[in-house]
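Student: fold the following, please.
(3 chains)
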Amino acid sequence: MSDLFTIVMTASGLVFFAAGTLGLIRFPDTHSRLHALTKADNLGLGLIALGLAVQVPGLADLFKLVLIWALAILAAGATAQLVARIAAPADLGEEPQSPPDETGDGETRRT
Amino acid sequence: MIASLFDLTLCLLILAAAGAAVFGRAAFMAVVFFIVYGILIAIAWLRLGAIDVALAEAAIGAGLTGVLLLAALARITRRIDAPEPSTGPDRTTLATALASLVIASAIAFAFLTLPEPQGLQERVAENLADAGAENPVTAVLLNFRGWDTLLESIVLLAALLGIWTLARDEAWGGRAGPRHVTRPGGVLAQFGRVLPPIGLLVGIYLVWAGSKQPGGAFQGGTVLAAVWIVTIMAGLMQAPRVADRALRAALVIGPVIFLALAVAGVVAGAFLVFPPVHAGWLILAVEAVLTLSIAVTLAMLVFGPPEEEEKP
Amino acid sequence: MSSWYLLLATGLLLTIGGALWRVWRGPDQADRMMAAQLVGTGGVATILLLAAATGEWAMLDVALVLALLAALAAIAFVKSVRGAGHGDPEDEAQNDAARADEAPR
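Tutor: As a prediction, this is how the structure comes out:
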């Protein structure tokens, strides 16, 4: 039963990874590709971690799985924000629309 | 069957990343491929069953080296005010390639002509009870072959001295590296607040766990260094002055205590010998101070030489 | 079960291969960096599966370190693009000032 759960979850995880890579290859510009990466991949990692969560031998390993996923999300969230700002002017061919205080306030949402 | 498929795919990816890092036209691309290469190599070490090495590779190859190379690249392009330096093959490249080829062939020759490998696993396993550490890798690094670790920690210091000699005279004694600015309350500043507590915990855990399972001073120290670097790049702290006495004490305390214990070992029998009764806590103590020194040294290596004297 | 994990891990390696292609193609530095980020996430997932396949759960520590340091290179990257390596990557106006400060000495 738990093996079945693991198989379904990890397989769905791989599907999201594949989708992320497909987006990374096929999407036309930098910003679209950012979406593909930071969303699909971390969902994929989460599903794989969830699938393995029923297989780990101890509570400490379960905690590590959760921490790994949390760290990956944190890293992806922060880097996506930062890299998007770097890519903004060059990629859109124009100056940023608003002063920095109002551009994509990801930080206020996360705190 | 599937295992071989995995290994084959992994090898192909590693070769592709390595080739692209060497032959790529743009320096930035080469750096990114090198980071990617570090991640793939860490996986390869896992496949070879060397979890300790994989940990070190993940922390240093995929983590710190990337920061070091990107900072160096930013420095180069800023100094010569030119587009990305190209890495096309020239005479130096060819000479380096040739030298690498000769060395690689020599190593291959030495490896292939080795007598039937005896392996040291058995001898390590026989003496593990006296080593003071359950993880054989830690036992080898800090007890059976303490020499190597002692000298490595001194080599790191020498590398830092080499970098510090690049400082201009008027900047000497100032804060290491440029001063980082970020928007207060911005994404980077927030990230710099959230990550370090977790990183501290992971770093200390790796050192602590090192006596029983993969981990140790080098891996833990690298993680701690990375955490410190994040805090400084996020503009939340400033790098220390290179003339700071506390900083210098932190840099040398690991090698000094290791050396002192090694000399004290002469009383107990021979240089660098830990008496089996005390080996356990001695190794933990050496690991603790080594972790501190390694973390501070690696971070200072990444910060670079002092660039500007602080105005009072 | 072990074969299943390794099969999935091989699939993950293929997605990493796709990311390598994007690192090669670019065209922007940002594209290359983000593709490296995907290799990082994919690498973490691969290690999780390897740990499950071999039963060596100590491998989780490697995934932990990789996930912890995943953002390090990207931060160094945004830093290196703006303000000559130490400016605020989130402030475009200040960035120009910082660049002006960096006139050749």
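
Student: what's the distance between the nearest residue to B:T65 once chain neighbours are set aside and B:A56?
Tutor: Using C-beta to C-beta, 6 or more residues apart in numbering or on different chains and skipping residues adjacent in sequence, the residue nearest B:T65 is B:G38, 6.5 Å away. Every residue, glycine included, has its C-beta placed from N, CA and C. Going from B:G38 to B:A56 by C-beta to C-beta, to the nearest Å gives 11 Å.

Student: that older thread, list the buried ones in the helix or strand hosting the residue nearest to B:T65?
Tutor: Using DSSP states H and E, the element containing B:G38 is helix B:27-47. For helix B:27-47, a neighbour-count test (16 or more other C-beta atoms under 10 Å in any protein chain shown) marks B:27-47 as buried.

Student: show me the helices in chain C, by range?
Tutor: Remark: helices assigned in chain C by DSSP state H are C:2-25, C:29-54, C:60-68, C:70-81, C:92-101.

Student: dump those helices into a markdown table; add mean pLDDT and mean neighbour count as well.
Tutor: Converted to a markdown table, those look like this (pLDDT from 0 to 100; neighbours: other C-beta atoms under 10 Å in any protein chain shown):
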| stretch | mean pLDDT | mean neighbour count |
| --- | --- | --- |
| helix C:2-25 | 91 | 21 |
| helix C:29-54 | 91 | 27 |
| helix C:60-68 | 93 | 29 |
| helix C:70-81 | 82 | 27 |
| helix C:92-101 | 46 | 14 |
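
Student: would you turn the ones you listed into TSV with distance to chain B?
Tutor: Formatted as TSV, these follow (distance: least, C-beta to the nearest C-beta, whole Å):
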stretch	distance to chain B
helix C:2-25	5
helix C:29-54	4
helix C:60-68	5
helix C:70-81	4
helix C:92-101	7
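
Student: how big is the angle separating the helix or strand hosting B:S293 from helix C:70-81?
Tutor: Using DSSP H and E, B:S293 sits in helix B:279-303. Counting by axes from the mean of the first three to the mean of the last three C-alpha atoms, to 10 degrees, helix B:279-303 lies at 20 degrees to helix C:70-81.

Student: which parts of helix B:279-303 are buried?
Tutor: Buried residues in helix B:279-303, counted by 16+ other C-beta under 10 Å: B:279, B:282-284, B:286-303.

Student: hmm, back to that, now the element after the helix holding B:G38, going C-ward?
Tutor: Reading on from helix B:27-47 to the C-terminus, the next helix or strand found by DSSP H and E is helix B:51-56.

Student: what is that next one packed up against?
Tutor: helix B:27-47, helix B:217-233, helix C:60-68 (3 or more C-beta pairs under 8 Å, 6 or more residues apart in numbering or on different chains; DSSP states H and E).

Student: residue nearest the centroid of chain C?
Tutor: Residue closest to the average C-alpha location in chain C (C-alpha atoms, centre = their mean): C:Q37, at 2.6 Å.

Student: so how far is chain A from it?
Tutor: According to C-beta to the nearest C-beta, to the nearest Å, C:Q37 stands 6 Å off from chain A.

Student: ok so, going back, and the residue nearest to B:T65, what does it touch?
Tutor: The contact partners of B:G38, by C-beta atoms under 8 Å, 6 or more residues apart in numbering or on different chains, come to B:E57, B:A58, B:I60, B:G61, B:A62, B:G63, B:T65, B:G66.

Student: if we can go back for a sec, which other helices and strands contact the helix holding B:S293?
Tutor: helix B:65-80, helix B:146-164, helix B:187-209, helix B:217-233, helix B:245-268.

Student: so which of those is the most surrounded?
Tutor: Comparing these by mean neighbour count (mean count of other C-beta atoms under 10 Å in any protein chain shown), helix B:217-233 comes out on top with a mean of 27.

Student: how far out from the middle of the chain is that one?
Tutor: When distances are taken as C-alpha atoms, centre = their mean, to the nearest Å, helix B:217-233 is centred 10 Å away from the chain's centroid.

Student: and it, anywhere near chain C?
Tutor: Yes. Counting by C-beta under 8 Å from any C-beta of the partner chain, chain C has neighbours in helix B:217-233: B:Q219, B:V223, B:A226, B:I229, B:V230, B:M233.

Student: looking at the residues you listed, which is nearest B:A176?
Tutor: B:I229 (11.1 Å; C-beta to C-beta).

Student: wait, the closest one sits on C:L72?
Tutor: Yes. B:I229 lies in contact with C:L72 (C-beta atoms under 8 Å); the separation is 7.2 Å.

Student: which neighbours do the two share?
Tutor: Counting by C-beta under 8 Å, 6+ apart, the common neighbours of B:I229 and C:L72 are B:L64, B:V67.

Student: so where's chain A uncertain?
Tutor: In the predicted model, chain A carries pLDDT under 70 at residues A:88-111.

Student: where do the strands sit along it?
Tutor: With DSSP state E, there are no strands along chain A.

Student: for it, longest helix please?
Tutor: Counting residues, the longest helix in chain A under DSSP H turns out to be helix A:59-92.

Student: what's the angle between that helix and helix C:70-81?
Tutor: Using the same axes, to 10 degrees: helix A:59-92 against helix C:70-81 is 20 degrees.

Student: and helix A:59-92, what does it pack onto?
Tutor: In terms of contacts (3+ C-beta pairs under 8 Å, 6+ apart), helix A:59-92 is packed against helix A:30-35, helix A:42-53, helix A:106-110, helix B:187-209, helix C:29-54, helix C:60-68, helix C:70-81.

Student: using JSON lines, lay out those helices together with distance to B:T77.
Tutor: Listed next are the helices and strands packed on helix A:59-92 as JSON lines, based on distance: least, C-beta to C-beta, whole Å:
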{"stretch": "helix A:30-35", "distance to B:T77": "20"}
{"stretch": "helix A:42-53", "distance to B:T77": "32"}
{"stretch": "helix A:106-110", "distance to B:T77": "29"}
{"stretch": "helix B:187-209", "distance to B:T77": "21"}
{"stretch": "helix C:29-54", "distance to B:T77": "11"}
{"stretch": "helix C:60-68", "distance to B:T77": "28"}
{"stretch": "helix C:70-81", "distance to B:T77": "8"}
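
Student: looking at the ones you listed, spot the one closest to B:M237.
Tutor: Here helix B:187-209 is closest among the helices and strands packed on helix A:59-92 (C-beta to C-beta), at 8.7 Å.

Student: fine, thanks again, bye for now.
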